[in-house]
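> model the following, please.
(chains A and B)
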Amino acid sequence: MPRPIRVLVAKPGLDGHDRGAKVIARALRDAGMEVIYTGLRQTPEMIVNAALQEDVQVIGLSILSGAHNAIVPRVLELLREKDMGDVKVIVGGIVPDEDAEALKKQGIAAVFQPGASLDSIVSFIRSAVAA
Amino acid sequence: MKTAERQFTTISGVPVEPVYGPAQSTGLDPQRDLGQPGQFPYTRGIHPDMYRGRLWTMRQFSGFATPEETNRRYLYLLEQGQTGLSVAFDLPTLMGYDPDHPLSDGEVGKCGAPVCSLEDMEILFRGIPLGEVTVSMTINSPAAVLWAMYLAVAEQQGVDWARLSGTLQNDILKEYIAQKEYIFPPRPSMRLVTDTIEFGARHTPRFNPVSISGYHIREAGSTAVQELAFTLRDGIEYVDWALERGLEIDEFAPRLSFFFNAHNDFFEEIAKYRAARKIWAYVMRDRYGAREERSRKLRFHAQTAGCSLTWQQPYNNVVRTALQAMAAVLGGAQSLHTNSLDEAYALPSEHAVTIALRTQQVLAYETGIANTPDPLGGSYFLEKLTLETERAANEYIRRIDGMGGMIPAIEAGFPQSEIAAASYRYQREVESEERVIVGVNRFQSGDQPIDLLQIDETAGSHQCAKLAALKKRRDQSRVQKSLDALKRAAEGTENTMPRILDAVRAYATLGEICDALRGVFGSYQETAHL
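All right, here's what the predicted structure looks like:
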């Protein structure tokens, strides 16, 4: 039986808006994935360490505060340092189109902007991990 | 789907009947349940004349980048006809961190104005006479500190504190429940809130020391009934703590204020506001024996629902906001913020916030809905919905009473789980298209790009440079003495406000003051409830 996909859902930075992250964590669980939710106010270091310890295949970063350009590159850098380049990182929240494009060029697998469906996120993760 | 098959409900899931008529109003006792506007239990409004006497305050929540830029936006909004100010602070400020703290990196000025010292507060209110303009400040965990800075600026302007009018949000309970901007654990935080209520009762009789809020609870995904019930039960908790402090109910209750969401379901929202006034009137009179009329009258600010506004086809948001604002006015709000069309993208651009303000002005001056109080009173549907909302909210309040109060309920994760379940249910309804969101899951179409407010990293470097210069200029020993005195007060039982004021006047920073308090109270880590 195939191993369930393991996902870390994280809230980096000071942003406390966790409605989306919690709904997604629950939806991914309902879709059969194993989800670890980090809780609020995680630093990039805390997130990458948790991802390493929990041996996840996917990290989902939820950021609505506008701080994504400072936070996301730092997470990617730490993943490279720890040789965790095969972990897929997706971002959800308030990220303008130009920033989303830039983040994808840096290695983010997908950016989910407001209104993205739960189904699209589940499908994306399944195909990204299978690839 | 045929009418026979489809279940009609409010957005919160309350069933709506095929028709409402006199039969639905049996059991409605006009004297017990309604009163006249301005008459107990104030279901129809807290004043006999409502907006005929005075319009609601048009109070746009605002703040971004730096205190300097925010000050310019405030002056612009006042020029455009806004009638009260509302301060939005950035995340570092909300969480009690200075701009040079490692956790502030990338966050300074992004969600609101950065204010880390009295100097920033002076800049924020430059050219704004605090004796004449009412100011609301959305700040919670470090509310006492920002309030002290505001009071110090008023002092500098020569304004008697007894004349100051405004509101401090300062509602820490809803932080644990929904907004999650907590610093300290619940009980020390409640002590700080009680300190401000007590200080306000003595020194700032025209200032609301708390704005007991449901807005954020609703934004986190609660139903309308949960928003109402958790808010009022939070209010009851603050009252209990203030009474425990030794204050008399009528000394402080008149200055408790509230803050509700104005969401999409038009009649459900109006029913919610009317039920809120009625429940609170009875709570004040019967649970607490309040005698003053002013203690029994629930005053509230409303904000249209940010969570309902879409990324897709953002111009549709102007329509949503207008309809939501209309519900708030028909529901008798004392003060109103209307969201901007770019809500899902960024903080409001000047153009977008102007449309939002004009929305209120059109409602006030062109629609006629302000011409008479509670114009929808007597609607079969509305009166029934008001009674049902009241009943359902009271059930939740009793349940939380049974848990020993709001703090045990929060510690048990009760309101948080209710909200998480409601928000998941709602999202599932959207996914299945049971709940239509125009432009998102139906009626999709392209849209032109909109011009967004840009906030870059120079705000952070600007604020850090100012802070460094301030630290060089100020009397460091005076700062240290004031922080030591504050720590001693926090460790004991005296009211911390005078010590916070001393520290603020010495130009101690927000981060330094909060660190002193963190040293005494500790920091809070929540257990997440999915």
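> C-alpha only now, for contacts and for neighbours.
Will do.
> isn't B:Gln7 right up against B:Gly13?
No: using CA atoms under 8 Å, B:Gln7 makes no contact with B:Gly13, being 9.6 Å away.
> just want to know which of these two has more residues nearby.
Ranked by neighbour count (other CA atoms under 10 Å in any protein chain shown), B:Gln7 and B:Gly13 place B:Gly13 first, with 14 against 11.
> how about the nearest residue to the more buried one once chain neighbours are set aside, what does it touch?
Nearest-residue entry for B:Gly13: B:Thr223, 8.0 Å, with adjacent residues in sequence omitted and distances by CA to CA, 6 or more residues apart in numbering or on different chains. Residues near B:Thr223 by CA atoms under 8 Å, 6 or more residues apart in numbering or on different chains: B:11-13, B:419, B:422.
> reformat those as a markdown table; add secondary structure and pLDDT.
Shown next, in a markdown table, are the contacts of B:Thr223 (DSSP: H, G, I helix; E, B strand; the rest coil; pLDDT from 0 to 100):
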| residue | secondary structure | pLDDT |
| --- | --- | --- |
| B:Ile11 | coil | 92 |
| B:Ser12 | coil | 91 |
| B:Gly13 | coil | 90 |
| B:Ile419 | helix | 98 |
| B:Ala422 | helix | 97 |
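> and the pLDDT at the residue nearest to B:Gly13?
Turning to B:Thr223, the model gives it a pLDDT of 98.
> what's the helix or strand harbouring B:Thr196 packed up against?
Using DSSP states H and E, B:Thr196 maps to helix B:186-203. Contact partners of helix B:186-203 among helices and strands, from 3 or more CA pairs under 8 Å, 6 or more residues apart in numbering or on different chains; DSSP states H and E: helix B:143-156, helix B:224-245, helix B:249-252, helix B:497-505.
> so which bits of the stretch 1-150 of chain B are right by chain A?
By CA under 8 Å from any CA of the partner chain, the residues of the stretch 1-150 of chain B that approach chain A are B:91-92, B:95, B:103-107, B:110-111.
> between those, which sits nearest B:Ile249?
B:Met95 (31.1 Å; CA to CA).
> re earlier: need the helices and strands packed on helix B:186-203 in CSV (columns: mean neighbour count).
Shown next, in CSV, are the helices and strands packed on helix B:186-203 (neighbours: other CA atoms under 10 Å in any protein chain shown):
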stretch, mean neighbour count
helix B:143-156, 22
helix B:224-245, 22
helix B:249-252, 20
helix B:497-505, 23
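> wait, which of those helices is closest to A:Ile121?
Among the helices and strands packed on helix B:186-203, helix B:224-245 comes nearest to A:Ile121, with 28.4 Å by CA to CA.
> give me the angle between the closest one and helix B:186-203.
Angle, helix B:224-245 to helix B:186-203, by axes from the mean of the first three to the mean of the last three CA atoms, to 10 degrees: 70 degrees.
> who touches helix B:224-245?
Against helix B:224-245 from outside (CA under 8 Å, 6+ apart): B:12, B:173-174, B:190, B:194, B:197-198, B:212-215, B:217-218, B:249, B:253, B:260, B:268-269, B:272, B:276, B:280, B:389, B:392-394, B:396-397, B:400, B:405-406, B:415, B:419.
> can you pull out the strands in chain B?
B:57-58, B:61-62, B:85-88, B:135-138, B:166-168, B:207-208, B:210-213, B:256-262, B:300-304, B:335-337 (DSSP state E).
> around chain B, pick out the residues from chain A.
So far as CA under 8 Å from any CA goes, chain A lies against chain B at A:13-19, A:22-23, A:25-26, A:39, A:43, A:65-71, A:94-96, A:113-115, A:117-119.
> just the buried residues out of those, in ChimeraX syntax.
Buried residues among those (16 or more other CA atoms under 10 Å in any protein chain shown), as a ChimeraX selection:
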select /A:13,14,15,16,17,18,19,22,23,25,26,39,43,65,66,67,68,69,71,94,95,113,114,115,117,118
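> so of the residues of chain A next to chain B, which ones are in helices?
A:19, A:22-23, A:25-26, A:68-71, A:118-119 (DSSP state H).
> among the residues you listed, which one sits closest to B:Asp475?
Of all these, A:Ala70 has the smallest distance to B:Asp475: 34.2 Å, by CA to CA.
> not counting residues beside it along the chain, what's closest to the closest one?
Distances taken as CA to CA, 6+ apart put B:Gly106 closest to A:Ala70, at 5.2 Å, once the chain neighbours are dropped.
> any chance of JSON lines for the strands of chain B, columns mean neighbour count and mean pLDDT?
Formatted as JSON lines, the strands of chain B follow (neighbours: other CA atoms under 10 Å in any protein chain shown; pLDDT from 0 to 100):
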{"stretch": "strand B:57-58", "mean neighbour count": "22", "mean pLDDT": "98"}
{"stretch": "strand B:61-62", "mean neighbour count": "24", "mean pLDDT": "97"}
{"stretch": "strand B:85-88", "mean neighbour count": "23", "mean pLDDT": "98"}
{"stretch": "strand B:135-138", "mean neighbour count": "22", "mean pLDDT": "98"}
{"stretch": "strand B:166-168", "mean neighbour count": "23", "mean pLDDT": "98"}
{"stretch": "strand B:207-208", "mean neighbour count": "25", "mean pLDDT": "98"}
{"stretch": "strand B:210-213", "mean neighbour count": "28", "mean pLDDT": "98"}
{"stretch": "strand B:256-262", "mean neighbour count": "27", "mean pLDDT": "98"}
{"stretch": "strand B:300-304", "mean neighbour count": "26", "mean pLDDT": "98"}
{"stretch": "strand B:335-337", "mean neighbour count": "25", "mean pLDDT": "98"}
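> a markdown table for those, including distance to B:Tyr524?
Converted to a markdown table, the strands of chain B look like this (distance: least, CA to CA, whole Å):
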| stretch | distance to B:Tyr524 |
| --- | --- |
| strand B:57-58 | 35 |
| strand B:61-62 | 27 |
| strand B:85-88 | 23 |
| strand B:135-138 | 20 |
| strand B:166-168 | 22 |
| strand B:207-208 | 26 |
| strand B:210-213 | 21 |
| strand B:256-262 | 25 |
| strand B:300-304 | 28 |
| strand B:335-337 | 31 |
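> show me what counts as buried in the helix holding B:Thr196.
For helix B:186-203, by 16+ other CA under 10 Å, it's B:186, B:189-201.
> which of those residues lies closest to chain A?
Using CA to the nearest CA, B:Pro186 is the member of the buried residues of helix B:186-203 that lies nearest chain A, at 16.8 Å.
> contacts only, for that closest one.
Counted by CA under 8 Å, 6+ apart, B:Pro186 has contacts B:172-173, B:407.
> B:Asp374 too?
Contacts of B:Asp374 by CA under 8 Å, 6+ apart are B:37, B:44-45, B:330-332.
> so where is chain B shaky, pLDDT-wise?
Chain B contains residues with pLDDT under 70 at B:1-5.
> over to chain A?
Applying pLDDT under 70 to chain A picks out residues A:1.
> tell me where it has strands.
Using DSSP E, strands in chain A cover A:6-10, A:34-37, A:58-63, A:88-93, A:110-112.
> quick one, helices of the stretch 1-150 of chain B?
B:67-79, B:91-94, B:118-124, B:143-156 (DSSP state H, counting those that start in this stretch).
> give me the most central residue, chain A.
A:Gly60 (1.2 Å; CA atoms, centre = their mean).
> I figured that one was touching A:Gly93, is that so?
No: using CA under 8 Å, A:Gly60 is not in contact with A:Gly93; the gap is 10.5 Å.
> where do the contact lists of the two overlap?
Counting by CA under 8 Å, 6+ apart, nothing touches both A:Gly60 and A:Gly93.
> which positions in stretch B:119-137 come out as buried?
B:119-126, B:128, B:130-131, B:134-137.
> nearest to chain A among those?
Using CA to the nearest CA, the buried residues of stretch B:119-137 come closest to chain A at B:Met137, 18.5 Å.
> on that earlier part again, how many neighbours does the residue nearest to A:Ala70 have?
As a burial measure, B:Gly106 scores 24 neighbours (other CA under 10 Å).
> for the one 3 residues further on, same thing?
Applying other CA under 10 Å, we find 31 residues neighbouring B:Gly109.
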